[in-house]
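S.K.: Give me a model of this one.
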Amino acid sequence: SLFEMQEGQKELDLRNLDYAELLGRPLISIDKEPIRQMVRGKRVLITGAGGSIGSEICRQIMRFSPRLLLIFDIYENCAYELETELCQLYGRGCQIEVLIGSIRDKARLDEVFETYRPEIVFHAAAHKHVPLMEISPAEAIKNNVFGTRNLLMSASEHGVKRYVSLSTDKAVNPTNVMGATKRITEMLMQQFSRRTQMRCMAV
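M.R.: Predicted structure coming up:
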């Protein structure tokens, strides 16, 4: 088993570990072809792209050959490191553009949409730290709620076809500031989904 060690062995050898055994449930197989068809040859914008979730979305999106990957983040160091990593994986000629900016700045968003015309948006930019948002609720609202509203407005005004918002389980019957802001963003997205041509979804 995982916790059994051979006699005389000082360290546990994890190289041959089957991670599926740790899940406690069957593995889920994802049909990648619909994702490939959605992304291939498209201009894709990821907000909060330098963060833990946003950067992983970028890594996954690059596997499906987008026409252009737009890395949008307020923190230049994280965005630059991600660009460097992706260029090492896919070559210097890979179609990536790093754009520094904040979702709080509608004018900057409009500039990005007008210049690059993304067709798909993955929205991962948010304040997510629950205890810190309890201390600074106004910042959570400005960033998560009004920033998302800016993004939805700019995306819908510039012909974005598909908008995917990264939400949280804490948005269900929220009991904290962060969860409440994310619930409001889901409600905003539902309104834009009904009133615009964008296909909107939250995950």
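S.K.: CA only for contacts and neighbour counts going forward, please
M.R.: OK.
S.K.: for residue 42, phi and psi?
M.R.: Main-chain torsions, residue 42, degrees, to the nearest 10: phi -110, psi 160.
S.K.: Hmm, I typed the wrong one, I wanted residue 127.
M.R.: phi -80, psi 120.
S.K.: So which other helices or strands are in contact with the longest helix along the chain?
M.R.: Scanning the chain for the longest helix, with DSSP state H as the assignment, gives helix 177-195. Judged by 3 or more CA pairs under 8 Å, 6 or more residues apart in numbering; DSSP states H and E, helix 177-195 is in contact with helix 130-135, helix 137-140, helix 147-157, strand 199-202.
S.K.: Go through the first one and flag the buried ones.
M.R.: Judged by neighbour count using 16 or more other CA atoms under 10 Å, the buried positions of helix 130-135 are residue 133.
S.K.: For it, what does the pLDDT average out to?
M.R.: The average pLDDT within helix 130-135 is 95.
S.K.: Okay, strands next: where are they in the chain?
M.R.: 43-47, 68-73, 96-100, 120-123, 162-165, 199-202 (DSSP state E).
S.K.: now those in TSV, with distance to residue 112, mean neighbour count and mean pLDDT?
M.R.: TSV is the format used below for those (distance: least, CA to CA, whole Å; neighbours: other CA atoms under 10 Å; pLDDT from 0 to 100):
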stretch	distance to residue 112	mean neighbour count	mean pLDDT
strand 43-47	9	24	98
strand 68-73	9	24	97
strand 96-100	8	18	97
strand 120-123	12	22	97
strand 162-165	16	20	96
strand 199-202	20	17	92
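S.K.: still on that earlier bit, between helix 147-157 and the longest helix of the chain, find me the angle.
M.R.: Using axes from the mean of the first three to the mean of the last three CA atoms, to 10 degrees, the inter-axis angle of helix 177-195 relative to helix 147-157 is 20 degrees.
S.K.: tell me how far helix 177-195 is from the chain's mean position?
M.R.: 16 Å (CA atoms, centre = their mean, to the nearest Å).
S.K.: Could you find the closest non-adjacent residue to residue 48?
M.R.: Excluding the flanking residues, the one nearest residue 48 by CA to CA, 6 or more residues apart in numbering is residue 125, at 3.8 Å.
S.K.: Now for residue 101: which residues touch it?
M.R.: 72-74, 108-109 (CA atoms under 8 Å, 6 or more residues apart in numbering).
S.K.: Which residue comes closest to residue 112 once chain neighbours are left out?
M.R.: Nearest to residue 112 is residue 99, by CA to CA, 6+ apart, at 8.0 Å.
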